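S.K.: Below is the sequence, then the predicted model.
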Amino acid sequence: MLRRTFPLVLTLVAIATPVSAQSLFGTRGLGVRLEPADARSRALGNVGIGLIGFNGSMVNPADLSDVVRRGVTASIQPFYGAENLDGATDNVAGTRFPVVQILYPIGTRSVFSLGYSGAFDQSWAIETEGQEVIGDNTFHFRDVLSSRGGISQVRFSGMYRASPEFSVGAGGGLYTGTLDRHRLREPASTSPDSLPTFVSDRSWSYSGPFAVVGAQWDPSQRVRIASSVTWNGNLDADGDEGIAGRSYDLPLRASFGASAVVGRRLLAAVSGEWEGWKDGDYTALGSELGAATTASSSWVVGAGLEWEELRTATRVFPLRAGFRYGKLPFHNPGESQPTEWAVSGGIGFRLAGDDFGPLAVADLGIERGRRQGWEGGVSGALEENFWRMTASISLFGR
Amino acid sequence: MMRFARTGSWCTALAFSLITILTACTDEQPTNIGGDLLPGGDIATFEVFLEPGQYMTFDTAFSGYMSAWESDARLAAREFEGVYNANTLVKLPAPPASISVRNAQGSVVNDSAPRYFAGNIIVRVDTLRSTNKGIAPIAVYTTAEAWDEVTANWTHRVDTTGARLPWSQPGGSTGVLLGRAARTKADSIFIPIDSATIASLRALDANVRGAIIKLDPDAAGTLGERMRFGPTVTLRLQAHSTIDTDTVVTVNIDAQLRTQGTFVYEPQPATTAAPIRVGGIPAWRTIMEFRHNLSAIEVPCLTVSSTCRVRLADAGISRAEFVLETTPPPAGFVPEDSLVLVTRMVMRSPNVPLARSPLAPGNPVGGTLTPISPAAFRAQTPATARIDMTNYFRVLVADSVETSTRPSRTVAILTNPESTTAGFATFQRLPRLRLILTVDPEKVR
């Protein structure tokens, strides 16, 4: 096993080199939405709901129905993007942690989970160079404005199997997280006359409640339908001493998914999600000097296929492909709402299991996509072509 | 207790954990595009000037910090700038009563009866700090009266608390002319003396074996000049040995002007309107005190917006400088060399007058970025001198809590080293404080 794993480790270590900060789409509003979906869902173009079989996503609490053993599941999501802002280009990258969950079935009808996942990513950093003429001197400098952090959610969920075909679930928790805004001005070159480095830091802490209810129905052994609704309270951002905070209205979110076995060892899945953002000011913390940011209703739909023909005598390696398209919520007045599409593929590794279900599962999803939007604004249109990988592992006790 | 399936699963878990950790340690670098996404948010660096009344509670100038004897300066001047006269006094060493010579057998033996037949008094000139490059002729006289090198001044040969004895001739009572000469080579003036003069020097009591070095009043080219001397006056004597009469022995004896001499001058500097005096002999210091609560001072930040104001507490202090405009000092007191000004904290105490308050030990808290040329004090148009106070000012602005280590807000401006020149610096008005501030536009009003 180690011999097989080692090349994968080397590959991922090699790509873990210093790279640019994460998406510039995170500069508006609350940042870039992070879906708490595992690698299988991402490979299928799915938002993480309504999949037949084990689903490690943290969208619909009723989707815990396929968990039969205590276990843990975790995902990691490296991201690489090529940005184009009104003709200027650069690369960005970063790593996210979409979801980590502890799964705990009690009896045969109920499963509980405690999970932690990302909600919005606000990590980015922008560097500019310039000069100031002061008196007889011209000072050349390099400015860096960076934002690090985002909004996460801690969720406790429970599922109850009302019948073999129908399950319900509910959950609740808190949004949490911090945002550190860091400004730096340093001399472009060191000389005795250069000015010292200037640093300004501000931090905020997020908090806010949410609750979710969901249901899952299997009209037959080959079909599954699921949906969930998430209510979000106000998200409060409290600044450190002397730093003003603010509050954001978070939207109601509705998610829907369905999957069906449509052929020999072939699964088809569709899903969608809608967020009803309210009118209001969603300007990012620390960006009050710029134009106010608004939010429009956002949605995403996706579909995919999973084919389990590739297998050995003891193991299955599902192959997956999918597509998704959606609209992102945040933009300034006069700017177009950003969109995102991605084609995806992936593979699963059922590393160990028995008749009751999997004992060790690893999944890998790779997406190639594009975000674009904010045309009509003062900064010009932003386009981001990205690669997004998601790797998940789930381990279960007997 | 949870038991995992197989060893293989553990390996996979380990591999994914490792990937997670290593990838999470990614060091993100900023992009060089995207500045336009955040309009109005650039860091601003700008300069402001605080007038003395905005940051200072008082200022005053004191003199008398070092005497002429304590200083390194030894001068001779003759109506320099029309008014300034100075003479250097030195206690000449006695010609030695015995010398060492080598006898016919090649051994070094003591000769207790050398016969001095000629010699020179060698005076070294600091040509860089002298007007006319130090070529003016000088004359050396014996002093006609005993004098105290520590307290002697233009009018008094002894000026102590217990005794105050005037010179019979202001500027030092001259006795016998030992010789006169001008500089002809190198930086030294050789004044020949004969055997009779040497004999008279040997006969004098040590307390009155002094000499007065003057710019020669009878020679052309000395009027209006100011000459500064080097650290020693040498008595170079030539003697015949009584042991080997064919041998001529040269004896060099140095008098250290720093300890065995002083200089006297007139007049005392006149009072001028310039509020800032620094340096000179005796030395001037200007002492000033920063106001409390500097952090609350608000300044405009017009590069951010037309209504922008920022408290110093919310700004990055990239640079803080005293800005001084030079002005000519009283006639005769233009510094003879470039001046380095420093600021040092003054350790104030209720029981000690401000003028006698000690300076804080350690390094200065500020200093001129470049030495101030003497020309700056001659020019009709004033020159600007800047004293960097950045680090100290940052501490004062950040200092909001009374602690035992709280820095003194009282500082003295002085020259470094002190009393290095007879002339001193004067400045037109109290210093303005030039600040280069850097502000985060999101933190200002």
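M.R.: Yep, that arrived. Residues are numbered from 1 along each chain as shown, chains lettered A, B, ... in the order given.

S.K.: need the residues of the stretch 301-445 of chain B near chain A, please.
M.R.: B:316, B:318-319, B:390, B:436, B:438, B:440-443 (Cβ under 8 Å from any Cβ of the partner chain). Quick note: C-beta positions are derived from backbone N, CA and C, even for glycine.

S.K.: Any of these buried? List them.
M.R.: Using 16 or more other Cβ atoms under 10 Å in any protein chain shown as the burial test, these include B:316, B:318-319, B:390, B:436, B:438, B:440-443 as buried.

S.K.: Pick out whichever of those residues sits closest to residue B:416.
M.R.: The nearest member of these to residue B:416, counting by Cβ to Cβ, is residue B:390 at 17.6 Å.

S.K.: List phi and psi for the closest one.
M.R.: Backbone torsions for residue B:390, taken as degrees, to the nearest 10, come to phi -60, psi -60.

S.K.: Tell me how far it lies from residue B:433.
M.R.: Separation of residue B:390 from residue B:433 (Cβ to Cβ, to the nearest Å) stands at 11 Å.

S.K.: Repeat that for residue B:260.
M.R.: Counting by Cβ to Cβ - residue B:260 and residue B:433 are separated by 45 Å.

S.K.: Neighbour count for these two, which is higher?
M.R.: Between residue B:260 and residue B:433, residue B:433 has the larger neighbour count (other Cβ atoms under 10 Å in any protein chain shown), namely 22 against 18.

S.K.: OK, contacts around the nearest residue to the more buried one once chain neighbours are set aside?
M.R.: Sequence neighbours aside, residue B:50 is the residue nearest to residue B:433 in space, at 4.1 Å (criterion: Cβ to Cβ, 6 or more residues apart in numbering or on different chains). Residue B:50 is in contact with B:297, B:299, B:432-433, B:435, counting by Cβ atoms under 8 Å, 6 or more residues apart in numbering or on different chains.

S.K.: Mind checking which of the residues of the stretch 301-445 of chain B next to chain A land in helices?
M.R.: residue B:390 (DSSP state H).

S.K.: Verify the contact between residue B:265 and residue B:89 for me.
M.R.: No. Under the criterion of Cβ atoms under 8 Å, residue B:265 is not in contact with residue B:89, lying 11.2 Å apart.

S.K.: Any regions of the stretch 1-150 of chain A where pLDDT drops low?
M.R.: Low-confidence segments of the stretch 1-150 of chain A (pLDDT under 70): A:1-21.

S.K.: quick one: the helices in it?
M.R.: Assigned by DSSP state H, counting those that start in this stretch, the helices in the stretch 1-150 of chain A fall at A:2-14, A:39-43.

S.K.: Sheet partners, orientation included, of the one helix or strand residue A:392 maps to?
M.R.: Element membership for residue A:392 (DSSP states H and E) is strand A:382-396. Strand A:382-396 sits in its sheet next to strand A:71-85 (antiparallel), strand A:357-373 (antiparallel), going by DSSP bridges.

S.K.: can I get the CA coordinates of the first one in PDB?
M.R.: The reference is to strand A:71-85. The C-alpha coordinates for strand A:71-85 follow below in PDB (Å, rounded to 0.1, in the frame of the first residue of the first chain):
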ATOM      1  CA  GLY A  71     -15.800   7.400  10.900                       C
ATOM      2  CA  VAL A  72     -14.100  10.500   9.800                       C
ATOM      3  CA  THR A  73     -14.000  12.200   6.400                       C
ATOM      4  CA  ALA A  74     -11.900  15.100   5.300                       C
ATOM      5  CA  SER A  75     -11.200  17.000   2.100                       C
ATOM      6  CA  ILE A  76      -8.500  19.300   0.900                       C
ATOM      7  CA  GLN A  77      -8.800  21.500  -2.200                       C
ATOM      8  CA  PRO A  78      -5.800  23.100  -3.900                       C
ATOM      9  CA  PHE A  79      -6.700  25.800  -6.400                       C
ATOM     10  CA  TYR A  80      -4.700  27.300  -9.200                       C
ATOM     11  CA  GLY A  81      -6.000  30.200 -11.300                       C
ATOM     12  CA  ALA A  82      -4.800  32.400 -14.100                       C
ATOM     13  CA  GLU A  83      -6.300  35.900 -13.600                       C
ATOM     14  CA  ASN A  84      -6.900  38.400 -16.300                       C
ATOM     15  CA  LEU A  85      -8.000  41.900 -15.100                       C
END
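
S.K.: And the residue of the stretch 201-350 of chain A closest to chain B?
M.R.: Nearest residue of the stretch 201-350 of chain A to chain B, counting by Cβ to the nearest Cβ: residue A:289, 4.0 Å away.

S.K.: A helix includes that residue, no?
M.R.: No. Judged by DSSP: H, G, I helix; E, B strand; the rest coil, residue A:289 forms no part of a helix; its state is coil.

S.K.: what's the spacing between the residue positioned nearest the centre of chain A and chain B?
M.R.: Centroid-nearest residue in chain A, with Cα atoms, centre = their mean: residue A:34, separated by 2.2 Å. Distance from residue A:34 to chain B, counting by Cβ to the nearest Cβ, to the nearest Å: 15 Å.

S.K.: looking at chain B, which helix or strand is least sure?
M.R.: Using mean pLDDT, DSSP states H and E, helix B:7-24 stands out as the lowest-scoring helix or strand of chain B, at a mean of 53.

S.K.: Mind listing the residues bridging to residue A:150?
M.R.: residue A:121.

S.K.: count of neighbours near the residue in the stretch 51-200 of chain B that chain A sits nearest to?
M.R.: Closest residue of the stretch 51-200 of chain B to chain A, Cβ to the nearest Cβ: residue B:51 (17.3 Å). Neighbour count of residue B:51, defined by other Cβ under 10 Å: 12.

S.K.: in the sheet, who's paired with the residue nearest to it when sequence neighbours are not counted?
M.R.: Spatial nearest neighbour of residue B:51, chain neighbours left out: residue B:432 (6.0 Å); criterion: Cβ to Cβ, 6+ apart. In this structure, residue B:432 has the following beta-bridge partners (DSSP bridges): residue B:323.

S.K.: now the strand holding residue A:392, how far from the centre of its chain.
M.R.: In terms of Cα atoms, centre = their mean, to the nearest Å, the centre of strand A:382-396 is set 9 Å apart from its chain centre.

S.K.: buried set for it?
M.R.: Buried residues in strand A:382-396, defined by neighbour count with 16+ other Cβ under 10 Å: A:382-384, A:386, A:388-396.
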